[in-house]
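Novice: build me a model:
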Amino acid sequence: MVSSEQRRRQLAREKYERQQANRVAAAAKARRRNAIIGASLAVVVVAGVSLAASGVFSSSKKSGASAAPSASAAAGAVKVPGCGAPASGSPNNKQWSTEPAMSIDQKATYTATLNTNCGAVTFTMDASKAPHTVNSFVFLAGQNYFDHTKCHRLTTQGIYVLQCGDPTASGSGSPGYKFTDENLTGATYPAGTVAMANSGPNTNGSQFFLVYKDTQLPPNYTPFGKITSGLDMLTKVAGAGENDANGPGDGTPNQTVVFNTVTTAKN
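Specialist: Prediction:
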């Protein structure tokens, strides 16, 4: 027979164990808030297995593990004035075995236009500072790779970015190839920066992030663009919040953002 004193001690021990478990969980969420985790590690983090930071976001797997969302599934509820339903269509999720051959003018600047269901975002790209990155982005845009893709991640605490460029909208998508880091010396990430997500050194693919508020990050993510218009729209999307799927301040945007088309032009 269990005495009242033994029962009291058992309850106290169980309470202590619960408190310890809660502290571990809280620490894990705090680490998630302060790292942008993408590529396939985003999936690992959601599963609660690892908290390793992979660049904004480690992936040796090719994309395609998750089905691409349909336009109807991506539509979501309108939570930001000016947003509407995405254009009909689905991501093509093409794959290539090697980085595309250099085809851009490496001394030129280029403009990218992200035509989204919430309005357009435009940014300039300096090919002289990040030739491989700009060449890849121009190539993928020309292949309609980004069309009908959903921005799958929004962070609103610690770091302030909207992450896009994954046709699977899972955080694990890529075009099948990787390329080198560039333009990292002294890199900073003020509002308006466009930079590559990665899963470690020299693992850039198609995922990138748009910085809507000054953000402190180590110089590990290739900055290749500067937003010239549309930053106000990104701020409004961020204001609508996210679903905290990866912890407080980190998850899928409450306001769905889909690229209807993405185009580039040489200036």
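
Novice: please work out how many residues are found near L234.
Specialist: As a burial measure, L234 scores 26 neighbours (other Cβ atoms under 10 Å). To be clear about C-beta, it is placed using only N, CA and C from the backbone, and glycine gets the same treatment.

Novice: any idea how far it is from S4?
Specialist: 60 Å (Cβ to Cβ, to the nearest Å).

Novice: can you check V237 too?
Specialist: 57 Å.

Novice: more neighbours: those two, which one.
Specialist: V237 (27 against 7).

Novice: residues contacting the residue lying closest to the more buried one once chain neighbours are set aside?
Specialist: Closest residue to V237 apart from its sequence neighbours, by Cβ to Cβ, 6 or more residues apart in numbering: Q255 at 4.9 Å. Going by Cβ atoms under 8 Å, 6 or more residues apart in numbering, Q255 touches 76, 78-80, 83, 118, 236-237, 240.

Novice: now for those: which two are most distant?
Specialist: G76 and K236 (14.8 Å; Cβ to Cβ).

Novice: which parts of the stretch 101-250 of the chain are helices?
Specialist: Along the stretch 101-250 of the chain, the segments classed as helices by DSSP state H, counting those that start in this stretch run 131-142, 231-239.

Novice: other SSEs contacting the last one?
Specialist: Packed against helix 231-239 by the contact rule (3 or more Cβ pairs under 8 Å, 6 or more residues apart in numbering; DSSP states H and E) you find strand 119-126, strand 161-164.

Novice: the residue nearest to V237 belongs to a helix, doesn't it?
Specialist: No: under the criterion used here (DSSP: H, G, I helix; E, B strand; the rest coil), Q255 is coil, not part of a helix.

Novice: for the remainder of this discussion, apply numbering that starts at 57.
Specialist: Got it, the first residue is 57 from now on, which makes the last one we talked about Q311.

Novice: give me the phi and psi for it.
Specialist: The phi and psi values for Q311, taken as degrees, to the nearest 10, are phi -90, psi 110.

Novice: do you know how far it is from N148?
Specialist: 24 Å.
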